[in-house]
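# I'll drop the sequence and a predicted model, then ask my questions.
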Amino acid sequence: MRKTRLLRSVAIITMLAPAAAFGVAYQNFAQESTGDQPDSEEPESAAQRKLTDAEIKRLRYMELRALRVGRIEADTARVQVPRSVIDEFMKEMEGREGFRGDEDRRGFLRQSQEKKLAEIALRSEALPHKGAKYIDRIEIRTDPDVFQDFRHKVMPHVLRGCASTACHGGARSAATGLRLFDDPKKTTESAYTNFLLLDEIKIGNYHMIDRDYPERSLLLTWMLPPDQTEVKVRHPGDAKIKPQFLNTRNTTYQTIKTWIEELRHPHPEYGVRLHPAPPATQPAEAPETQEPPPGEPGEPEPQNP
């Protein structure tokens, strides 16, 4: 069974995340001995599944260029917008700026499919549904540019640095409940699943992909020598990660940092998760006022005569 698995899915990389987000398996991996594990079939988990076509389409839509830059700019992805969506959108926009007459409507219809989608996506942000009613009806057939960059400029370095049996492969991946896929065909499903897995990881106050402070992203700081970053959170467990970059001036480091900067900000609600969201932090209740015990600051303790 295990040989069959290895033939079907070649290399895997394990990245760690907090137990609150990824379950007890993380605690076991981070706290217990990391010796050889039994050669048994790995249990199925949410982290092992790949995204569906519908889920990939949602990620593509939510990271379209128009939504990232806040302007009506067509993305590089090839798309198909059904006439029913176009008609419904124009009816919703009737009387608004840019849709106040026949000439405006004709101008919209003359645009390319990609430009139509850019306008639909951006203008729908001002509508109550924020475009949700259109997402599943629009075909986004190829990668938007931000995902092209992930597949060709980012993911290869992540897999090259960590996807080895000696480091994170084999049975050890099952212990964390989280794995990234490095299949030979580099399928679309694997690429988008890898992206979302990385995007969900948070350790303490640090995100694997930090859109607010890209230079604090663990994706970058773990590729640097410890003395080249102010982020002192290192990879959990006993794994020794060999730095891929000597310092932040490295060209590839800068390429990955730029890619993070180009992701949509603030982080959108994708409506897709591979792991349950961590529980919301509850505000601490104020402690009840109590009389201080003897010997602590407060009213002086009566003295015996």
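It's in. Numbers count the residues shown, from 1 in each chain.

# tell me the domain boundaries of this protein?
As recorded under automatic domain parsing, the domains making up the chain are 2-50+146-262, 64-142.

# rank those domains by mean pLDDT and give me the bottom one.
Among the domains of the chain, domain 2-50+146-262 has the lowest mean pLDDT, at a mean of 73.

# quick revisit: can you say which of the domains of the chain is nearest to residue 269?
domain 64-142 (9.3 Å; C-beta to C-beta). (C-beta placed from N, C-alpha, C; glycine too.)

# re earlier: wait, which of the domains of the chain is closest to residue 276?
If we rank the domains of the chain by C-beta to C-beta, the stretch that ends up nearest is domain 2-50+146-262, at 7.2 Å.

# Same list (the domains of the chain) but as a markdown table, adding mean neighbour count.
Output for the domains of the chain, formatted as a markdown table (neighbours: other C-beta atoms under 10 Å):
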| stretch | mean neighbour count |
| --- | --- |
| domain 2-50+146-262 | 17 |
| domain 64-142 | 16 |
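
# CSV for those domains, including distance to residue 57?
Shown next, in CSV, are those (distance: least, C-beta to C-beta, whole Å):
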stretch, distance to residue 57
domain 2-50+146-262, 10
domain 64-142, 6
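
# Just tell me which of these ends up closest to residue 275.
Of all the domains of the chain, it is domain 2-50+146-262 that lies closest to residue 275, at 5.6 Å by C-beta to C-beta.

# Can you identify each of the strands in the stretch 51-200 of the chain by residue range?
79-80, 139-140, 180-182 (DSSP state E, counting those that start in this stretch).

# ok, residue 75 touching residue 141?
No - using C-beta atoms under 8 Å, residue 75 is not in contact with residue 141; the gap is 11.6 Å.

# joint contacts of those two?
Listed as contacting both residue 75 and residue 141 by C-beta atoms under 8 Å, 6 or more residues apart in numbering is no residue at all.

# Same list, the strands of the stretch 51-200 of the chain, but as a markdown table with distance to residue 199 please.
Formatted as a markdown table, those follow (distance: least, C-beta to C-beta, whole Å):
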| stretch | distance to residue 199 |
| --- | --- |
| strand 79-80 | 23 |
| strand 139-140 | 18 |
| strand 180-182 | 12 |
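
# What segments of the stretch 51-200 of the chain are helices?
Along the stretch 51-200 of the chain, counting by DSSP state H, counting those that start in this stretch, helices occupy 53-62, 65-69, 83-93, 102-110, 113-124, 132-135, 145-149, 155-162, 172-176, 188-200.
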